[in-house]
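Participant: sequence unknown, structure follows:
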């Protein structure tokens with residue numbers, strides 16, 4: 001414990017008095033010509049240096065101030081990953097405001113809730129597709145003063161083009177640069193730098209305020225864990241509404257002087273990896289799964305002799321990576337076999353997929369399948385897990401390149417306390433913890449106890465070397481293979497809005513999308529069928545009738561219209577029987593016994609994911 005507290009004091013002293021604003025000032029003064037942000041353009045990239053980026057940030061800050069943004073007021077952001085996203089966020093913070101990226105997959109009702117809950121006064125949107133999600137609920141957001149559009153701004157209030165906004169900012173900065181400087185210098189380490197929203201089991205998003213101190217402590221911890229070089233290249237492609245992307249490609253580069261390349265479309269990620277050859281790469285499991293599948297397909301198309309040679313080389317690669325766990329020294333025999341395999345095939349394959357310079361490759365948000373991890377180990381890549389949540393400013397445990405245990409979520413980050421409660425729940429206490437949920441005191445009390453321990457809701461285990469594993473979740477959140485947190489209760493509640501559907505179970509943990517198992521309402525369905533002249537002899541007959549299936553499909557589509565894209569049910573099955581406490585699918589209080597249903601209908605659920 002003493003060592004943990006000493007490290008915590010050391011890191012806290014290192015970042016004392018610092019803010020994101022001060023960090024950018026230092027960076028622009030020390031490395032003004034270093035490349036900062038590159039956006040894709042036909043035939044190449046367009047790049048801003050850190051000196052240019054900070055000047056743009058100050059102009060944006062002046063623009064927000066001129067529009068009336070007061071210190072502490074939030075700016076909502078919704079757009080793809082591009083330099084303007086980072087600059088607008090940092091500009092809001094330099095004006096004393098708070099950046100709040102909203103998931104671009106949120107349904108209009110969810111956007112209305114988040115914008116109202118956080119108290120957004122301004123919004124910066126990417127284009128017409130983003131505006132289409134906001135437009136239906138603008139009349140429910142009277143506090144929203146101005147919507148700044150990067151592309152396709154409609155005429156009239158409350159809209160403003162990005163170009164007009166920048167011109168306002170330049171003029172305002174030129175007229176009174178001292179006022180802007182006074183604003184960013186007034187920002188303190190304990191001020192909120194961002195509010196990110198995460199879904200709970202009730203389905204309502206929860207706002208998580210994070211301070212400058214939170215994010216800078218996380219950056220320093222991550223830096224110590226990864227030991228990445230200065231001025232390396234990296235790719236930004238996950239949404240900035242996700243804490244991992246914010247830490248790794250918004251805040252960490254301000255310390256590591258990283259060159260961030262933006263990938264605006266996930267379909268272009270493979271090509272971008274080949275061009276950028278990043279020093280670090282974080283991917284949710286689904287990203288790693290897709291890359292492994294594509295590479296397997298390429299290798300399968302090779303002549304058999306070549307396939308055999310690669311397979312033999314990958315066996316040496318996997319042996320090398322697996323032998324180095326726990327910081328152990330690899331035997332000379334294993335090291336020599338790996339060096340031969342690397343020279344013969346592995347280094348070329350890593351270069352083919354853009355990982356020839358990668359020093360830290362990681363995953364999180366959901367379990368990575370062992371076969372995928374083993375596949376990349378065969379290429380000499382240690383795809384290690386980190387573990388955390390928005391409420392802990394991202395990772396609070398992790399594996400380092402030099403000390404890792406495959407399949408574990410690593411050890412506590414520097415200066416972070418982690419322990420298991422009596423029931424096995426993982427608890428953590430450190431400067432990474434949020435102070436609580438926005439506008440939700442009861443939920444905050446459940447999250448953080450009187451002694452400052454944050455309750456993750458996850459059941460874990462820890463080995464003798466301090467490596468943690470996440471065994472199960474107390475919470476009923478689904479985490480898809482894309483790393484999205486999805487509330488099954490919200491999906492189920494929308495599905496059950498239709499009179500025909502009596503019960504619903506949403507499923508999708510570590511899967512690419514949610515599916516649902518549904519039952520007919522035993523009282524309503526027969527009358528509904530008779531009123532339409534549908535003949536049936538049993539509930540099973542009714543559940544298989546084309547007219548019933550058509551109506552249920554319409555019910556699923558209606559539910560999907562109220563859900564974010566990542567929450568939408570792609571496939572479903574309708575049962576001819578209802579779930580009851582007597583048949584063990586429900587508790588005595590009629591709650592779903594999810595594990596029982598998962599086990600009982602495992603084959604049915606598997607079939608919903610079959611091609």
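Facilitator: Received it, and whenever you're ready, just let me know what you need. Please read these numbers as outputs of a predicted model, since none were measured by experiment. Numbering: from 1, shown residues only.

Participant: residues contacting residue 75?
Facilitator: Applying CB atoms under 8 Å, 6 or more residues apart in numbering, we find residue 75 in contact with 64, 69, 88-89, 92, 97-100, 120-124. C-beta here means a position set from N, CA and C on the backbone, and glycine is covered the same way.

Participant: does it count as helix, strand or coil?
Facilitator: The assignment at residue 75 comes out as strand when based on DSSP: H, G, I helix; E, B strand; the rest coil.

Participant: If we ignore the residues flanking it in sequence, what's nearest it?
Facilitator: The shortest distance from residue 75 to any non-neighbouring residue, by CB to CB, 6 or more residues apart in numbering, is to residue 92 (4.0 Å).

Participant: what kind of secondary structure is that neighbour in?
Facilitator: Secondary structure, three-state DSSP: residue 92 is helix.

Participant: Give me the distance between it and residue 109.
Facilitator: Shown here: residue 92 relative to residue 109, a distance of 25 Å by CB to CB, to the nearest Å.

Participant: Between the two, point out the one with more neighbours.
Facilitator: With neighbours defined as other CB atoms under 10 Å, residue 92 and residue 109 compare such that residue 92 has more, 28 against 15.

Participant: quick one, what contacts the more buried one?
Facilitator: Each residue near residue 92 by CB under 8 Å, 6+ apart is listed here: 60, 61, 64, 69, 74, 75, 98, 99, 122.

Participant: Count the neighbours of the fourth one for me.
Facilitator: Other residues lying near residue 69 total 24 when counted by other CB under 10 Å.

Participant: from what I can see it touches residue 98, true?
Facilitator: No - between residue 69 and residue 98 there is no contact under CB atoms under 8 Å: 9.8 Å.

Participant: The helix or strand where residue 518 lies: partners in the sheet, and parallel or antiparallel?
Facilitator: When elements are defined using DSSP states H and E, residue 518 is found to belong to strand 515-520. Next to strand 515-520 in the sheet, as set by DSSP bridges, lie strand 501-507 (antiparallel), strand 571-575 (parallel).

Participant: nearest to residue 113, of the ones you listed?
Facilitator: Using CB to CB as the measure, strand 501-507 is the one of those that comes nearest residue 113, at 19.9 Å.

Participant: which other residues reach that closest one?
Facilitator: Counting by CB under 8 Å, 6+ apart, 478, 486, 488, 491-492, 495-496, 514-522, 524-525, 552, 555, 569, 578-579, 592, 594, 597-598, 605 sit against strand 501-507.

Participant: Domain parsing of this protein, as residue ranges.
Facilitator: Structural domains annotated on the chain: 20-187, 487-608, as defined by automatic domain parsing.

Participant: Just name the most buried of the strands paired with strand 515-520.
Facilitator: Across those, averaging neighbours per residue (mean count of other CB atoms under 10 Å) puts strand 501-507 on top, at a mean of 23.

Participant: How far away from the center of its chain is that one?
Facilitator: 26 Å (CA atoms, centre = their mean, to the nearest Å).

Participant: on that earlier part again, any idea how far the residue nearest to residue 75 lies from residue 297?
Facilitator: For residue 92, the distance to residue 297 (CB to CB) stands at 44 Å.

Participant: Touching, residue 547 and residue 533? I think so.
Facilitator: No - taking contact to mean CB under 8 Å, the distance of 9.3 Å between residue 547 and residue 533 leaves them out of contact.

Participant: So between the two, which is more surrounded?
Facilitator: Counted by other CB under 10 Å, residue 547 and residue 533 do not tie: residue 547 has more neighbours, with 13 against 7.

Participant: The more buried one and residue 306: what is the separation?
Facilitator: Distance, residue 547 to residue 306, by CB to CB: 55 Å.

Participant: do residue 90 as well
Facilitator: With the distance defined as CB to CB, residue 90 ends up 48 Å from residue 306.
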